[in-house]
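**Student:** Just the structure for this:
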Amino acid sequence: MRPKRTDLESGAIVVSEPMLGADSVSFGLYFPTGSRHETLQNNGISHFIEHMVFRGTLRRSAVDINREIDLLGGASNAYTGKETVCLYSRVLAEHLERLIDLLADLATHGLPDGVESENELEREREVILSEISAVEDSPEDLVGELCDRAYFGEHPLALPVAGSERAVRSLKPAQIRHHFRQHIVAHDMVVAAAGRVEHDALVSLARRYLAEIPSGAPQPPLTAPGVERQSRVLERDLEQVHVCLSASGVARGERRRRTGELLSLIVGDSYSSRLFREVRDRRGLAYSIYSSLASYLDVGSFNIYFAVAPEKLDEVLAVVGGVLADVRAGGITADELEAAKLHLRTSSLLGHEATGARMGYLAEQVMLGDSDLSLETELEAVGRVGLKELHELAAELLAPPLALALVGPVSGDRGGSAGWEIPG
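**Tutor:** Modelled structure (predicted):
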């Protein structure tokens, strides 16, 4: 059974896919906004809103919301990214209408005026500040945020999703409500569901329960970032140095995105990858090393993370540089490409047996403007990727210099950025 799509008069888009044998349904509301649509002064406001809608509406108190979520017996949650805010849940199909009513209420009537709402806001502010502080205790997360700043510079894509402590402390209730009403709107909202769901019935429920979400207006045009590729060092009293490297990547909707995923699998995103084999298996230099892709609407980054003892830092940088140099020079073999294709196809199909993964995939395809919502179509395109295309992409993306961030017992006075360029 293939996915179906219906465009509503409000500007919202409903998309669904039935899954044989499923008793549950995953349902989500996706809004095309996030930390990229913020400034230094209000950084974290999208994430704050995502938290606050669960703290009470005009119809439900925070206690009511939590009780109803528990009664549904599923798993309700939300997340904020750099370009997306999502409210979602997975419940038994018989509870879908009740779930839609709940999530519609959060998106329509959240952040009400009043003393109790103000009190909830201040309590949640402390929760978010605690969440921000937790990043300071996680060097892997901290070096990732630092690497975003090294790669994107002053562009909003460098802003942390949870926000800065200074900005979150300064956000005013009226300011948060205004942002909520400007950005959590029906225009370009994606209503996605997968599992035991009938599309026409879902459309009727969406029209009934989501009608009060303001239509709003399209997001203003995005400003493309100028990639800066800096080096940044944060000295911390840790046992290891945590390192993040960022090279060019591919955008979310770019045709070569799946080719980029194949490249990452071969370079560092699997146990048989080049980096895992050279750094961990053959030399025993690090326990954790991997690569990943971060893709946004108009840009992306190819990222490498590892943690290493300070005295081994230069050696690991040299090994990583050698691996990247060989990959850039066309060193990837046909056998490596075929193995990566098999891995990507298998992991994608296994992952999409879950209703939540299928729902997220449908929403992403719609937000990117893709008219073909079939996973199989995309996997067929992966199967057609050739070695020449992969070599060309590797040479383009992995060309030096790379952005570099380090967190740990390492000095930042090593001759500036040039002192930290990786060999190769």
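**Student:** which residues of the stretch 101-250 of the chain fall in strands?
**Tutor:** Here the stretch 101-250 of the chain has its strands, by DSSP state E, counting those that start in this stretch, at 190-195, 231-235, 241-248.
**Student:** And the shortest one, how far out from the chain middle?
**Tutor:** Using Cα atoms, centre = their mean, to the nearest Å, we find the averaged C-alpha position of strand 231-235 to lie 24 Å away from the chain's own average C-alpha position.
**Student:** Tabulate the strands of the stretch 101-250 of the chain in TSV, adding columns for mean pLDDT, distance to Tyr305 and mean neighbour count.
**Tutor:** (Each C-beta comes from the backbone N, C-alpha and C, glycine too.) Listed next are the strands of the stretch 101-250 of the chain as TSV, based on pLDDT from 0 to 100; distance: least, Cβ to Cβ, whole Å; neighbours: other Cβ atoms under 10 Å:
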stretch	mean pLDDT	distance to Tyr305	mean neighbour count
strand 190-195	98	30	27
strand 231-235	94	15	18
strand 241-248	97	5	24
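**Student:** Would you convert those strands into CSV that also reports distance to Leu129?
**Tutor:** CSV is the format used below for the strands of the stretch 101-250 of the chain (distance: least, Cβ to Cβ, whole Å):
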stretch, distance to Leu129
strand 190-195, 31
strand 231-235, 20
strand 241-248, 23
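**Student:** secondary structure class for the closest residue to Val191 other than its chain neighbours?
**Tutor:** Closest residue to Val191 apart from its sequence neighbours, by Cβ to Cβ, 6 or more residues apart in numbering: Val14 at 4.5 Å. Per DSSP: H, G, I helix; E, B strand; the rest coil, the secondary structure class of Val14 is strand.
**Student:** Surely Val14 is in contact with Pro3?
**Tutor:** No - using Cβ atoms under 8 Å as the test, Val14 is too far from Pro3 to be in contact (10.8 Å).
**Student:** neighbour-wise, which of the two wins?
**Tutor:** A direct count of neighbours by other Cβ atoms under 10 Å for Val14 and Pro3 places Val14 higher, at 24 against 20.
**Student:** And the lowest-mean-pLDDT helix or strand in the chain, what's buried?
**Tutor:** For the chain, using mean pLDDT, DSSP states H and E, the weakest element among its helices and strands is strand 75-80, scoring a mean of 90. Burial within strand 75-80, assessed by neighbour count using 16 or more other Cβ atoms under 10 Å, is assigned to 76, 78, 80.
**Student:** Neighbouring strands of that strand in the sheet, and parallel or not?
**Tutor:** strand 85-92 (antiparallel) (DSSP bridges).
**Student:** pLDDT value on the nearest residue to Ser164 once chain neighbours are set aside, please?
**Tutor:** In space, and not counting its chain neighbours, Ser164 is closest to Asn43: 5.2 Å by Cβ to Cβ, 6+ apart. As predicted, Asn43 sits at a pLDDT of 98.
**Student:** Asn43 is in contact with Arg169, isn't it?
**Tutor:** No - between Asn43 and Arg169 there is no contact, the gap being 11.3 Å when judged by Cβ under 8 Å.
**Student:** of the two, who's got more company?
**Tutor:** Legend: neighbour count by other Cβ under 10 Å for Asn43 and Arg169, higher for Asn43 (25 against 13).
**Student:** Is Asn361 in a helix, a strand, or coil?
**Tutor:** That one is not Asn; residue 361 is Tyr. helix.
**Student:** thought it was touching His352?
**Tutor:** Yes - with contact defined as Cβ under 8 Å, Tyr361 reaches His352; the gap is 6.6 Å.
**Student:** which residues do these two both contact?
**Tutor:** Leu375 (Cβ atoms under 8 Å, 6 or more residues apart in numbering).
**Student:** Now do Gly21: how many residues are near it, please.
**Tutor:** 7.
**Student:** so Ala340 sits in a helix?
**Tutor:** Yes - looking at Ala340 with three-state DSSP, it is inside a helix.
**Student:** Now do the same contact list for it.
**Tutor:** So Ala340 contacts 262, 265-266, 270 (Cβ under 8 Å, 6+ apart).
**Student:** Just the buried ones from these, in ChimeraX syntax?
**Tutor:** The following ChimeraX line selects those of the contacts of Ala340 that are buried, judged by 16+ other Cβ under 10 Å:
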select :262,265,266,270
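**Student:** Just give the number of residues close to Val323.
**Tutor:** The tally of other residues near Val323 (other Cβ under 10 Å) stands at 23.
**Student:** and if you look at the one 4 residues further on?
**Tutor:** Number of residues near Val327 (other Cβ under 10 Å) recorded here: 22.
**Student:** what's near enough to touch it?
**Tutor:** Applying Cβ under 8 Å, 6+ apart, the residues near Val327 are 263, 266-267, 274, 394, 398.
**Student:** distance between stretch 148-163 and the chain's centre?
**Tutor:** Mean-position distance between stretch 148-163 and its chain equals 14 Å (Cα atoms, centre = their mean).
**Student:** That stretch - what's its average pLDDT?
**Tutor:** Mean predicted confidence for stretch 148-163 is 96.
**Student:** And for stretch 98-109?
**Tutor:** 97.
**Student:** If we go by neighbour counts, what in that stretch is buried?
**Tutor:** By neighbour count with 16+ other Cβ under 10 Å, stretch 98-109 contains the buried residues 99-100, 102-109.
**Student:** again, but for stretch 356-369
**Tutor:** 356-367.
**Student:** ok, of the residues you listed, which one's closest to Ser231?
**Tutor:** Glu364 (32.6 Å; Cβ to Cβ).
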